[in-house]
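**Q** Below are the sequence and a predicted model for it; my questions follow.
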Protein chains: 2
Amino acid sequence: MDKLDFGHHISQQFNEELVDVRDRVLAMGGIVEQQISQALIALTEGNTDLAREVIKNDYKVNSMEVAIDEECSRIIARRQPAASDLRMVVAVIKAITDLERIGDQAERVARVAIKLSEMERPANEYLELQNLGVHVNKMLHDVLDAFARMDVEAALNVAHEDIKVDREYEGIMRQVITFMMEDPRSITRMLNTLWIARALERIGDHSKNIGEYVIYLVKGKDVRHTTLEQKEAEIKNGDE
Amino acid sequence: MDKLDFGHHISQQFNEELVDVRDRVLAMGGIVEQQISQALIALTEGNTDLAREVIKNDYKVNSMEVAIDEECSRIIARRQPAASDLRMVVAVIKAITDLERIGDQAERVARVAIKLSEMERPANEYLELQNLGVHVNKMLHDVLDAFARMDVEAALNVAHEDIKVDREYEGIMRQVITFMMEDPRSITRMLNTLWIARALERIGDHSKNIGEYVIYLVKGKDVRHTTLEQKEAEIKNGDE
């Protein structure tokens, strides 16, 4: 169970429920990561079968969200959690909403990949989207890891990465505008490229959100809507 | 208090807490509605002062989200709510996340309005964005009303409206692509138009999400990830 300390409850059953809900979030996150990877492969390989598979599998992510939400409500009603247990449950309720929306973005990438598969392919095989996609998928992986290990430093690092992702996205946008101006026939294709870049950038945002819930969970402080510097100061304030 | 029935608790204090949290969500929603209206005025009038005001005021929405979240955690810890009270608290936790993101989209519209204010203005004064904006702001207003009155029919109607909003958005996108192809010099301006259309369309999505929480709250059924027909069937199933 790594650094997680669910061993302080009188009820062994309650411990198991919290560990179970944690594991379900990680399992949901694993499926979402896979959805992103496959959507990116579908894009670069022009593999429409794989893209359709990603679209089809979104229901798995959705049904995991609904099931975990129900489990959280059950835990609140039955166990009346307080303090860090309650924060755990609230953080999970929030985090799975972001995970589900990351899943939606992966599905969106797959849908656009199908459209792009019918158009002329760029010489670089969408390298810049590939790079951005790998970057945000690593953010998601890292933030799930931070959640599993209750590692606030790692969660904070995801917020750092999000700034880089935003810059990458801006770079792609500038490039796209240049291409469209040079060759108006490329407009439709370039807009589709932009939709994918935007979807990937949103995945970065959602991963950052999850990182903020991890900090809230561990430190008991709500660091949403704060700057990176404020988050860092909050974390250095030592444990409660 | 309309149709809300918080009068069944032994603790008068608990009633007041639930009514208070409900009122705070409505107040937060009212500010978000105003942010959208002002962002739209800033856009059509090219009023950058007003746009900056919208950007500045986003902190109000953010701090209301944090405060309501804290209040919900306190209620869970202190009152140990069950059944419909618990659903109320969980629905609020979910709904304010969407409200906050609607606020972010209003801020986004204001930021793009500033950029557009420096560019050539279209003859129709962004009429199509104005129409879309009024439409999604009405959706938000209606869904907050549905939440206040626990009106599932009204909440369902918001899901209906979202389909129309998606069509409006598609129409704007087609128009934008046509303009860009006809006049490549308009590309930057047209992309900004598209960003606003996208932000408004997202407000429709978030309003629909809130409608789903209202249905969950009243009927005890999670209708996310279901079709309109499935939602309608669920509502017609009579009260629990």
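**A** Noted; the coordinates are in hand.
**Q** Any buried residues in the strand or helix carrying A:R174, and which?
**A** Per DSSP states H and E: A:R174 is located in helix A:152-182. Of the residues in helix A:152-182, those buried by neighbour count under the rule 16 or more other Cβ atoms under 10 Å in any protein chain shown are A:152, A:154-159, A:161-162, A:165, A:168-169, A:172-173, A:176, A:179-181. From N, CA and C alone the C-beta is placed, and that goes for glycine too.
**Q** which stretches of chain A form helices?
**A** In order along the chain, chain A carries the following helices (DSSP state H): A:12-45, A:48-79, A:83-117, A:127-149, A:152-182, A:187-219, A:228-236.
**Q** So which other helices or strands are in contact with the third one?
**A** The helices and strands touching helix A:83-117, judged by 3 or more Cβ pairs under 8 Å, 6 or more residues apart in numbering or on different chains; DSSP states H and E, are helix A:12-45, helix A:48-79, helix A:127-149, helix A:187-219, helix B:48-79, helix B:83-117.
**Q** same thing but 10 Å
**A** helix A:12-45, helix A:48-79, helix A:127-149, helix A:187-219, helix B:48-79, helix B:83-117, helix B:187-219 (3 or more Cβ pairs under 10 Å, 6 or more residues apart in numbering or on different chains; DSSP states H and E).
**Q** Just give the number of residues close to the nearest residue to A:Y59 once chain neighbours are set aside.
**A** Excluding the flanking residues, the one nearest A:Y59 by Cβ to Cβ, 6 or more residues apart in numbering or on different chains is B:H225, at 7.2 Å. By the measure other Cβ atoms under 10 Å in any protein chain shown, the count of residues near B:H225 is 15.
**Q** Against A:N157, how distant is the residue nearest the centre of chain A?
**A** The centre of chain A sits closest to A:S207, judged by Cα atoms, centre = their mean, with a distance of 3.9 Å. Note on A:S207: its distance to A:N157, by Cβ to Cβ, to the nearest Å, is 11 Å.
**Q** could you point out where chain A is predicted with low confidence?
**A** In the predicted model, chain A carries pLDDT under 70 at residues A:1-10, A:238-240.
**Q** do that again at 80, thanks
**A** Applying pLDDT under 80 to chain A flags residues A:1-11, A:237-240.
**Q** re the thing from before, now do the helix holding A:R174 and helix B:152-182, the angle between them.
**A** 50 degrees (axes from the mean of the first three to the mean of the last three Cα atoms, to 10 degrees).
**Q** what's the angle between helix A:152-182 and helix A:127-149?
**A** Counting by the same axes, to 10 degrees, helix A:152-182 lies at 160 degrees to helix A:127-149.
**Q** Helix A:152-182 to helix A:187-219, inter-axis angle?
**A** 170 degrees.
**Q** Surely A:A159 is in contact with A:E234?
**A** No. In this structure, A:A159 is not within contact of A:E234 by Cβ atoms under 10 Å, at 11.6 Å.
**Q** what's the overlap in contacts for those two?
**A** Residues within reach of A:A159 and of A:E234 at once, by Cβ atoms under 10 Å, 6 or more residues apart in numbering or on different chains, are A:I215, A:V223, A:T226.
**Q** List only those of the residues you listed flagged as buried.
**A** Among those, those buried by neighbour count (16+ other Cβ under 10 Å) are A:I215, A:V223, A:T226.
**Q** Distance to chain B for those residues - can I get that in CSV?
**A** Shown next, in CSV, are these (distance: Cβ to the nearest Cβ, whole Å):
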residue, distance to chain B
A:I215, 13
A:V223, 10
A:T226, 10
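**Q** Now flag whichever of those is closest to A:L50.
**A** A:L50 lies nearest to A:I215 out of those, by Cβ to Cβ, at 35.6 Å.
**Q** For that closest one, give me its contacts.
**A** A:I215 makes contact with A:91, A:146, A:150-153, A:155-156, A:159, A:221-224, A:226, A:231, A:234-235 under the criterion Cβ under 10 Å, 6+ apart.
**Q** before we move on, what about A:I41?
**A** Listed by Cβ under 10 Å, 6+ apart, the contact set of A:I41 reads A:N47, A:L50, A:A51, A:V54, A:A113, A:Q130, A:G133.
**Q** If you rank these by neighbours, which is first?
**A** Neighbours here are counted as other Cβ under 10 Å. On that basis the top member of the contacts of A:I41 is A:A113, with 29 neighbours.
**Q** Can you get me a residue count around the closest residue to it other than its chain neighbours?
**A** Of all residues not flanking A:A113 in the chain, A:L43 sits nearest, at 4.0 Å (Cβ to Cβ, 6+ apart). Residues lying near A:L43 (other Cβ under 10 Å) number 26.
**Q** I figured A:L43 hits A:S117, correct?
**A** Yes. Counting by Cβ under 10 Å, a contact exists between A:L43 and A:S117, whose distance comes to 8.4 Å.
**Q** residues bridging contact with these two, i.e. touching both?
**A** In terms of Cβ under 10 Å, 6+ apart, A:L43 and A:S117 are both contacted by the residues A:A51.
**Q** The closest residue to A:E107 other than its chain neighbours: how many residues sit nearby?
**A** In this structure, A:E107 finds its nearest non-sequential neighbour in A:D58, 4.5 Å apart by Cβ to Cβ, 6+ apart. Under the neighbour criterion other Cβ under 10 Å, A:D58 is assigned a count of 20.
**Q** And for A:N57?
**A** 18.
**Q** and what of A:A148?
**A** Other residues near A:A148 number 19, with proximity taken as other Cβ under 10 Å.
**Q** With A:A233 instead?
**A** 12.
**Q** Against chain B, how distant is the residue lying closest to A:N47 once chain neighbours are set aside?
**A** On the basis of Cβ to Cβ, 6+ apart, the spatially nearest residue to A:N47 that is not a chain neighbour turns out to be A:I41, at 6.5 Å. Summarising the geometry, the distance separating A:I41 from chain B, computed by Cβ to the nearest Cβ, to the nearest Å, is 25 Å.
**Q** correct me, but A:D222 touches B:C72?
**A** No. The criterion here is Cβ under 10 Å, and A:D222 misses it with B:C72 at 11.9 Å.
**Q** who has more neighbours, the two?
**A** Between A:D222 and B:C72, counting by other Cβ under 10 Å, B:C72 is the more crowded of the two (23 against 18).
**Q** I'd guessed the more buried one sits against B:D85; true?
**A** No. With contacts counted by Cβ under 10 Å, B:C72 stays clear of B:D85, the gap being 11.3 Å.
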